[in-house]
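1. Here is a sequence together with a model predicted from it:
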Amino acid sequence: MNIVIIGSGYVGLVAGTCFAETGNDVTCVDIDSNKVKKLQSGDPVIYEPGLETLLKKNIKAGRIKFTVSLKDCVPNADVIFTAVGTPTGEDGSADLHHITDAVKAFAPLLDSYTLIVNKCTAPVGTISMVKDLILGLAAKGTEFDVASNPEFLKEGVAVQDFLYPDRVVIGVESSRAEKILKELYEPFVRNGNPIHVMDLRSAELTKYACNSFLAAKISFMNDMAALCEKLGADINSVRHGMSSDPRIGKSFLYSGLGYGGSCFPKDVKAIIRTAAEFGEDLPIVRSAETVNLHQRQRFIDKILKYFKGDVKGKTFAVWGLAFKPQTDDMREAPSIKVIEALCEKGAVIHATDPVAIDNARTAIRADVKYFSDHIECVDNAEALLVLTEWNEYRTFDPKKLKKHFQGRVIFDGRNIWNPSEIRKYGYDYFGVGRL
Ligand SMILES: NC(=O)c1ccc[n+]([C@@H]2O[C@H](COP(=O)([O-])OP(=O)(O)OC[C@H]3O[C@@H](n4cnc5c(N)ncnc54)[C@H](O)[C@@H]3O)[C@@H](O)[C@H]2O)c1
C-alpha cells in the first residue's frame, strides 16, 4: 500500500518504519525541514531502541522516504495517517491545531479514494471534525473515508510494541475502511492478538480510558507508598503481595516520582476537560492527577527536610533525567520539577543521563552541569538523587562510589536499591514508600 504519515515524531516515525518493514511504500511528511534532512540520511533524531537499524534498512530498500512536501505524495496515497502532536491547550483541553493545520494542507490535494486515519490521541469527535474539514476543502466528489486508530506503543520499546501489539484498535464507519486497516495490520497480529473494530467515538475514547486508568494505577500506588512511610510498611512488599492477584496484575504497580512523559499528563488533563464539557466529573481521574503532582513535591520536601531547608551552595548529583528509562524524552519528566525546585533554593546540580542530556538542556530551566559518566557526576556531591531507573544504575558498587562520592545521603526516587544494603555502607537512604 502507498502510505503517507504526517508527523515524524515518536509515533509517526516508528509507525512509518514498521509499515515499511512489512512491505508498504511509506512517505513520512514533517514540517520540520531539519528533522526531515536528518531522517533522509538515516538519523532517527530520537532515541528509540532498534529504530535506527530498521530505519536504515528500509531507506536502503527504498520503502521509506521523508519529505516536507505533501503535494508529492498525497495524490497517490491509499492511506494517510495523522501523527502530529496534540499538546495541552491553555484551558487543559487537547490543542488540535497541528491536526487541523495538517488536514487543511492535505485535503485540497486528495485525488482518488483515500482513507484518512487519525493516529493522534485526540478527544472524541476529532475524527468527525476532520471529516467535515475535508468535505469543505477537498474537490467536490472526492472519495474518502475517515478512521480512528489510536496508538498504544510505549516509548523505550516502541518498535517492539508496534511490531507485536497487544491489540490494535480501529474506529471505522465503513467496511471499506475496516478492510484496508485490517489488511495493513494483519502482519503485526499473526500471533493471534486482536484487532478490535468499533465505532469512531469508542475508538477515540479507548485511548483516553487506557491512559487515565494507567495513570490512576500509578497514583494509587504512590498513595499507598505515602501511607507505608507513615505506618512503617514497605511498598515493595505490599506490591508483591498485591500483584500475585491476577485481578490486579503485575505491571504499573511501582511507586516512584509519579507519571510523566508526553502522554499521561496531557491525556489525563484532556479527558477531565472533555468530561467537564459534558457535565461529568471523573473524580478518580482528577485524583490521579492531584496525587501525581503531590508525589514530586513529597520527594522534594524529603530532601529539604533532610538538609533542614538549607541546600544553598550544596551540590546534588542527579542520576537519570528522562521521564523513564530507554528514552531521551524529557516531556513532563519528574526530574525537571525536582531540579528546578532545588536550584531555586540555591542548590548546585550535577546531572547525568545515558541519552537525554541534549533534550534536558532545553527542558530544564536551571543552571545544571551535565556529565556523560554517572560516576564522575557524583564528584564533590553532598547527596545522590536517582530520578530515572536506568539499568546501568541498578548495580550498587560501593567501592567505585566511595572513591568519588563524599556525601552521606542517597534519595532513590525509583526504589532501585535495597535500603538495608545501602545503609550497611554508612549512607542515609531514602526511597519512596520504604523505611
Ligand atoms: N509519544 C508516545 O509515546 C505516544 C504514544 C501513543 C500516542 N501518542 C500520540 O501520538 C501523537 C504524536 O505524538 P508524538 O510523541 O509522536 O509527537 P512528536 O512531538 O514526537 O511528533 C510530532 C511531529 O509532528 C510534526 N508536525 C507538527 N505539525 C505538523 C504538520 N502540520 N505537518 C507535518 N508535520 C507536523 C512535528 O514537527 C513533529 O515532528 C500525539 O497525539 C500523542 O499523544 C504518543
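-> Yep, that arrived. Since the model is a prediction, treat every value here as computed from it, not as a measurement.
2. Could you use CA atoms for every contact and neighbour count after this?
-> OK.
3. Which of the three states applies to residue 407?
-> Three-state assignment for residue 407 (DSSP: H, G, I helix; E, B strand; the rest coil): coil.
4. ok, so what distance separates the closest residue to it other than its chain neighbours from the ligand?
-> Residue nearest to residue 407 in three dimensions, not counting chain neighbours: residue 382, with 3.9 Å by C-alpha to C-alpha, 6 or more residues apart in numbering. Taking C-alpha to the nearest ligand atom, to the nearest Å as the measure, residue 382 falls 35 Å from the ligand.
5. what's the answer for residue 317, then?
-> To the ligand, residue 317 is 28 Å away according to C-alpha to the nearest ligand atom.
6. Over to that residue: give its phi and psi.
-> The main-chain torsion angles of residue 317 are listed as degrees, to the nearest 10 and equal phi -90, psi 130.
7. Not counting its neighbours along the chain, what's nearest residue 419?
-> The spatial neighbour of residue 419 that comes closest, neighbours along the chain excluded (C-alpha to C-alpha, 6+ apart), is residue 429 at 6.1 Å.
8. can you count the residues close to the residue nearest to residue 407?
-> Residue 382 is surrounded by 18 other residues when neighbours are defined as other C-alpha atoms under 10 Å.
9. ok, it - contacts?
-> 314, 315, 316, 317, 405, 406, 407, 408, 409 (C-alpha atoms under 8 Å, 6 or more residues apart in numbering).
10. The same query, at a cut-off of 7 Å, please.
-> Residues counted as contacts of residue 382 (C-alpha atoms under 7 Å, 6 or more residues apart in numbering) are 314, 315, 316, 406, 407, 408.
11. try residue 402
-> Shown in contact with residue 402 (C-alpha under 7 Å, 6+ apart): no residues.
12. what's the answer for the one 3 residues further on, then?
-> Contacts for residue 405 were tallied using C-alpha under 7 Å, 6+ apart; they are 378, 379, 380, 381.
13. Which pLDDT value goes with residue 422?
-> Among the per-residue scores, residue 422 holds a pLDDT of 95.
14. ditto for residue 402
-> According to the model's per-residue confidence, residue 402 sits at a pLDDT of 89.
15. A helix includes it, no?
-> Yes - checked against three-state DSSP, residue 402 lies within a helix.
16. gap between it and residue 107?
-> Using C-alpha to C-alpha, to the nearest Å, one obtains 62 Å as the distance from residue 402 to residue 107.
17. try residue 343
-> Taking C-alpha to C-alpha as the measure, residue 343 falls 48 Å from residue 107.
18. before we move on, the earlier item: dump the contacts of residue 382 to CSV, plus neighbour count.
-> Converted to CSV, those look like this (neighbours: other C-alpha atoms under 10 Å):
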residue, neighbour count
314, 18
315, 21
316, 26
406, 14
407, 19
408, 16
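19. ok, which residues in the chain are in contact with the ligand?
-> For the chain, the contact set with the ligand under C-alpha under 6 Å from any ligand atom comprises 6-12, 29-32, 83-86, 98, 101-102, 120-121, 151-155, 262-263.
20. contacting residues around the nearest residue to residue 146 once chain neighbours are set aside?
-> Leaving aside its chain neighbours, residue 146 sits nearest to residue 116 (4.7 Å; criterion: C-alpha to C-alpha, 6+ apart). Under the criterion of C-alpha under 7 Å, 6+ apart, the contact partners of residue 116 comprise 79, 80, 81, 145, 146, 147.
21. partner residues bridging the fourth one?
-> In this entry, residue 145 is beta-bridged to residue 115, by DSSP bridges.
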